[in-house]
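> Structure for the following, please:
(one chain, ligands or ions: 1)
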Amino acid sequence: MLLTFTDVFKRYQTAEGPLTVLDGLSLSLDGGETLALTGESGSGKSTLLHLAAGLDQADAGAVRIDGVEIGALKDTGRAAMRREVVGLIFQQFNLIPSLTVGANLAFHARLAGRHDAAWQADLAARLGLENLLNRYPEQLSGGQQQRVAIGRTLGARPKLVLADEPTGNLDEATGDGVIALMLNLVRETGAALLMVTHSQRLAERLDRRIHLTGGRIL
Ligand SMILES: Nc1ncnc2c1ncn2[C@@H]1O[C@H](COP(=O)(O)OP(=O)(O)OP(=O)(O)O)[C@@H](O)[C@H]1O
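Residues are numbered from 1 along each chain as shown. The predicted model follows:
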């Protein structure tokens, strides 16, 4: 298994008192598998993704990537795991505004020590970005920005891609095109994908679907 959650609990302290968001949740994702995560607003989908990315820690239970329990790693170990194994794609694109499209595309691959000019050129072409490489993110449409974000993530050849509502800011037709490109590239590189979506229609395009409710997977 590439990613496992075993009996994971996550609580937040809120102004109204403690809130249990994940309540003994377990799940597993195989290498190369694509999995859609749905759930009501506020059910804990982003919380789960943050735990999978090592951006936050569980209060109890274990989150493992490639057999390594990320809660047991020190900060530097978790950062290395994020850099080298995990790729993140967010609704808000999160491109680096001061870097060109070309430099954004290369950024994660360089950080991971896996920059490969031929692969980057191939990705740019596949994502229809080859004529935009010298532009800055603010000079792109939302769909173009998300294609850069996908290229930036896959440029580093992560084993695990975590996507949080990747087409949430795009219209349906643009979003469908972006998802198709992302799924093709994810499948081609053999990465696994955990994608949060509100859309049952998009969820149907992935290998498997899970639904988060009451802090657990149905
Ligand atoms: N840092 C925090 N402190 C306190 N409560 C939080 C914090 N982060 C999230 N929550 C609460 O935890 C619950 C789960 O939030 P989360 O963002 O994981 O849900 P979600 O399923 O991703 O929601 P949405 O679909 O609306 O994005 C919500 O009730 C939210 O208010």
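> how about the nearest residue to Gly155, chain neighbours excluded?
Nearest residue to Gly155, sequence neighbours excluded (CB to CB, 6 or more residues apart in numbering): Ala109, at 4.1 Å. Every residue, glycine included, has its C-beta placed from N, CA and C.
> In which helix or strand does the one you found reside?
Using DSSP states H and E, Ala109 sits within helix 101-111.
> per-residue confidence for the nearest residue to Gly71 once chain neighbours are set aside?
Closest residue to Gly71 apart from its sequence neighbours, by CB to CB, 6+ apart: Gln57 at 5.3 Å. Per-residue pLDDT puts Gln57 at 93.
> what about Gln57, neighbour count?
Using other CB atoms under 10 Å, Gln57 is surrounded by 13 other residues.
> Kindly report the same for Ser199.
17.
> quick revisit: isn't there a strand covering the residue nearest to Gly71?
No: counting by DSSP: H, G, I helix; E, B strand; the rest coil, one finds Gln57 to be coil, located in no strand.
> re earlier: now for whichever helix or strand comes after the helix holding Ala109, which elements pack on it?
Remark: after helix 101-111, the chain's next helix or strand is helix 117-126, criterion DSSP H and E. In terms of contacts (3 or more CB pairs under 8 Å, 6 or more residues apart in numbering; DSSP states H and E), helix 117-126 is packed against helix 101-111, helix 142-155, helix 172-189.
> Please name whichever of those is nearest to the ligand.
Checking the helices and strands packed on helix 117-126 against the ligand by CB to the nearest ligand atom gives helix 172-189 as the closest, at 16.0 Å.
> And the next helix or strand past the closest one?
Taking DSSP H and E, what comes next after helix 172-189 is strand 192-196.
> Go ahead and name everything in contact with the very next helix or strand once past that next one.
In the C-terminal direction, the helix or strand that comes right after strand 192-196 (DSSP H and E) is helix 200-203. Applying CB atoms under 8 Å, 6 or more residues apart in numbering, the external contacts of helix 200-203 come out as Ala36, Thr38, Thr167, Gly175, Asp176, Ile179, Met195, Thr197, Arg209.
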